[in-house]
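Peer 1: Fold the following.
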Amino acid sequence: MPGRPTLALALSLAALSLTACGENEPDAPLPPEDLGQAPAGAKPAPAEQAPPTGDAPTSVKVDIRNFDYMPDPVRVKRGGTITWKNFDSSEHISEAEPDQATDFDTDVIEENRSKKLTFDTPGRFAYFCDFHPTMTATVEVVE
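Peer 2: Residues are numbered from 1 along each chain as shown. Now for the predicted structure:
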């Protein structure tokens with residue numbers, strides 16, 4: 001049959017082209033994220049951004065409910081205070097992520113208790129619960 005060799009050759013070529021689709025070319029340049037660089041147009045990390053500006057209260061309350069911080073983010077004027085109140089039955093600690101311009105830690109906040117901290121350094125600061133690291137939020141301190 002004259003059509004069989006042509007069909008077999010066509011199927012072989014198709015199989016070869018499909019196996020090459022998933023491979024990287026050895027001389028192709030790596031995308032910026034593979035080189036440890038941000039892609040063009042990417043926003044800098046919050047710690048690298050300019051401090052927030054605008055109005056903010058001098059005293060703010062953050063509720064801890066259902067293993068979540070509310071509100072998030074929370075804004076406060078420089079020199080202002082944030083009070084965390086724990087409505088959960090579990091204890092929590094609100095602690096700044098490491099390597100930021102400010103360092104804070106509420107120590108243990110027991111059920112139905114509160115802790116208050118003063119913020120003097122402007123900027124955006126990520127924080128988390130030391131006991132429950134998936135609980136995260138952000139403090140914005142405004143000039």
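Peer 1: Please pull out the lowest mean pLDDT helix or strand from the protein.
Peer 2: Using mean pLDDT, DSSP states H and E, the weakest-scoring helix or strand in the chain turns out to be helix 3-21, at a mean of 47.
Peer 1: Counting neighbours, what do you get for residue 96?
Peer 2: Counted with other Cβ atoms under 10 Å, residues neighbouring residue 96 total 18. Where C-beta positions appear, they are placed from N, C-alpha and C, glycine not excepted.
Peer 1: Compute the distance between it and residue 85, please.
Peer 2: Counting by Cβ to Cβ, to the nearest Å, the separation of residue 96 from residue 85 is 19 Å.
Peer 1: Helix or strand: which one has residue 126?
Peer 2: Taking DSSP states H and E as the criterion, residue 126 maps to strand 123-129.
Peer 1: Mean confidence (pLDDT) on that strand, please.
Peer 2: The pLDDT scores in strand 123-129 average 97.
Peer 1: counting contacts, what elements does it pack onto?
Peer 2: strand 94-96, strand 136-142 (3 or more Cβ pairs under 8 Å, 6 or more residues apart in numbering; DSSP states H and E).
Peer 1: Turn those into JSON lines, columns for distance to residue 80 and mean pLDDT.
Peer 2: Shown next, in JSON lines, are those (distance: least, Cβ to Cβ, whole Å; pLDDT from 0 to 100):
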{"stretch": "strand 94-96", "distance to residue 80": "16", "mean pLDDT": "97"}
{"stretch": "strand 136-142", "distance to residue 80": "8", "mean pLDDT": "97"}
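Peer 1: Format those strands as TSV; extra columns: distance to residue 51.
Peer 2: TSV is the format used below for the helices and strands packed on strand 123-129 (distance: least, Cβ to Cβ, whole Å):
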stretch	distance to residue 51
strand 94-96	15
strand 136-142	7
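Peer 1: Can you check which of these gets nearest to residue 52?
Peer 2: Proximity to residue 52 (Cβ to Cβ) singles out strand 136-142 among these, at 4.5 Å.
Peer 1: Give me the helices and strands touching that closest one, please.
Peer 2: strand 74-77, strand 123-129.
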